[in-house]
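# Output the structure for:
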Amino acid sequence: MKDPRHRVDSRSGLLERRWLQWVFYFLIWTAVGLFFASESSLWGRYVFRTPVTWDLALKTNLSFYYIWACIAPLVLWLGKRFRFERGSRAISFFVHVPTSVLLSTIQLLIAEIVVQSFSPEPLQMYEAFGAIQHTFVVYFHINLLTYWAILGIGYGREYYRKFREREVRAAQLKTQLTQAQLQALKMQLHPHFLFNTFNTISSLMHRNVDDADRVLTRLGDLLRYTLHNVGVQEVPLREELDFLRSYLEIEQTRFEDRLRVTISVEPEVLDFKVPNLILQPLVENAIRYAVAPRASGGCIEISARQVIGSLRIAVVDDGPGLPEGYDVLAHEGIGLRNSQDRLEQLYGENYRFMLSNKSPKGLEVAIVIPIRPS
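You can find the predicted model right below:
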């Protein structure tokens, strides 16, 4: 159970960060107002030959851009809601264009009311309308540009945030991939695995030298593939299956008729990308729990097919399955947990990793991932 003080500290830290963000937001708009206040003062003095006091320039421009500061969150929200992305550009265009006109008009009306409130004497009706007309002529187009500038800054900030997230995710992926490769090497170099493999080779040497040589070759293929693909995050399914067949050939030599494997893959999905070394831990887990403990051995079915725009890969065994309420990811080794973590890092929320008992017996481990052609 988490310490309540930890939750309080976390909440306090979050509030402090938000407070700092709002302070920074206020300072940014203040800086913009000061910049244009200095411009108004200089233009009035040297261009229009009508000196503008610094006090008036400051009041006018700060109020003008503080109003935009209040409108900007709405513009940013609309930018997130209606993006200029493929498939939605037309709708976004027809939303943002009239909205930019409307908000620019509202901002100018509010700004003019605020500016007129600074006047020592109230303006007559015709003078007020004349001032509003002058304001629209001078500032309306600037306001339109301001709306689109806010929208562009919002998109830039969003893309930068996604870029940083991808950098972090790439670093995490590299770590996860290294762990998967080390886990595969650990499995291959495990003393028990090597003992069984060399014992198989030793017995074959007296009966079938060709089979013994083939097992040695497949063992070398596994090691060579694992070392060759260091740093590769995704490979074509065809390549992943080739690696798996090399692994299964050694295991089938060990278990002989006790290990029966069926691979059913649709030809059109062979070039789709899958996480590197994603199948071996799933099959190794099935052999460990569904084949090795039983004298009669067991069957393993491996399938891959396209389902509604996604790639579905499944490993099914005919073992005892999972006890009711048993969390295999919490109790077993790092193989399955590592596979799920890598899927999450690669695809975010766009994947499914499912373990389910089959009827009348057996366990299915299924992965559903987005289609990525090679």
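# Would you map the helices across the chain?
In the chain, the helices defined using DSSP state H lie at 4-46, 54-81, 89-117, 125-189, 191-207, 209-228, 237-255, 279-286, 328-331, 334-347.
# Output the below-cut-off pLDDT ranges for the stretch 151-300 of the chain.
178-179, 181-194, 196, 229-231 (pLDDT under 70).
# 90 instead, please
The model of the stretch 151-300 of the chain has pLDDT under 90 over residues 154-155, 157-234, 243, 246-247, 249-257, 275-278, 280-281, 284-285, 288-289, 292.
# Domain parsing of this structure, as residue ranges.
16-167, 190-370 (automatic domain parsing).
# Roughly how far does Thr262 sit from Tyr247?
Note on Thr262: its distance to Tyr247, by CB to CB, to the nearest Å, is 16 Å. Every C-beta, even on glycine, is put in place using the N, C-alpha and C of the backbone.
# if you count what's nearby, which of the two comes out ahead?
Tyr247 (22 against 10; other CB atoms under 10 Å).
# How about the contacts made by the more buried one?
Neighbouring residues of Tyr247 by CB atoms under 8 Å, 6 or more residues apart in numbering: 218, 222, 280, 283-284.
# Can you tell me how far it is from Val232?
17 Å.
# what do you get for Trp22?
Distance of Trp22 to Val232, computed by CB to CB: 45 Å.
# and these two? which has more neighbours close in?
Val232 (13 against 10).
# looking at it, that one is touching Leu277, isn't it?
No: using CB atoms under 8 Å, Val232 is not in contact with Leu277; the gap is 9.3 Å.
# TSV for the domains of the chain, including distance to Leu177?
Below are these laid out as TSV (distance: least, CB to CB, whole Å):
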stretch	distance to Leu177
domain 16-167	16
domain 190-370	6
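# Name the stretch among those that sits most buried.
domain 190-370 (a mean of 16; mean count of other CB atoms under 10 Å).
# one step back: what's the closest of the domains of the chain to Lys174?
Nearest to Lys174 among the domains of the chain is domain 190-370 (7.1 Å), distances taken as CB to CB.
# Show the pLDDT at Phe118.
pLDDT, Phe118: 69.
# And for Thr30?
90.
# which residues touch it?
Leu62.
# Would you mind measuring from it to Phe24?
11 Å.
# and what of Val265?
When Val265 is compared with Phe24 (using CB to CB), they lie 54 Å apart.
# Turn the contacts of Tyr247 into JSON lines, columns for distance to Arg342.
Shown next, in JSON lines, are these (distance: CB to CB, whole Å):
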{"residue": "Arg218", "distance to Arg342": "25"}
{"residue": "Leu222", "distance to Arg342": "19"}
{"residue": "Gln280", "distance to Arg342": "13"}
{"residue": "Val283", "distance to Arg342": "16"}
{"residue": "Glu284", "distance to Arg342": "16"}
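# and which of the residues you listed is nearest to Ser303?
Val283 (12.2 Å).
# ok, for the closest one, nearest residue in space, not its chain neighbours?
Spatial nearest neighbour of Val283, chain neighbours left out: Val315 (5.8 Å); criterion: CB to CB, 6 or more residues apart in numbering.
# For the one you found, give the beta-bridge partners.
With DSSP bridges as the criterion, Val315 is bridged to Ile302, Val365.
# how about the residue nearest to Thr135 when sequence neighbours are not counted, what does it touch?
Nearest non-adjacent residue to Thr135, counting by CB to CB, 6+ apart: Glu112, 5.0 Å away. Neighbouring residues of Glu112 by CB under 8 Å, 6+ apart: 131-132, 135.
# For Ile334, report the pLDDT, please.
So, for Ile334, pLDDT stands at 61.
# Hmm, Phe255 is touching Gly298, no?
No: at 9.2 Å, Phe255 does not count as touching Gly298 under the criterion of CB under 8 Å.
# overlap in contacts of those two?
Shared contacts of Phe255 and Gly298 (CB under 8 Å, 6+ apart): Val291.
# Quick check: the gap between Val215 and Pro323.
Distance, Val215 to Pro323, using CB to CB: 35 Å.
# Nearest residue to Met205 in space, please, no chain neighbours.
Ala212 (4.9 Å).
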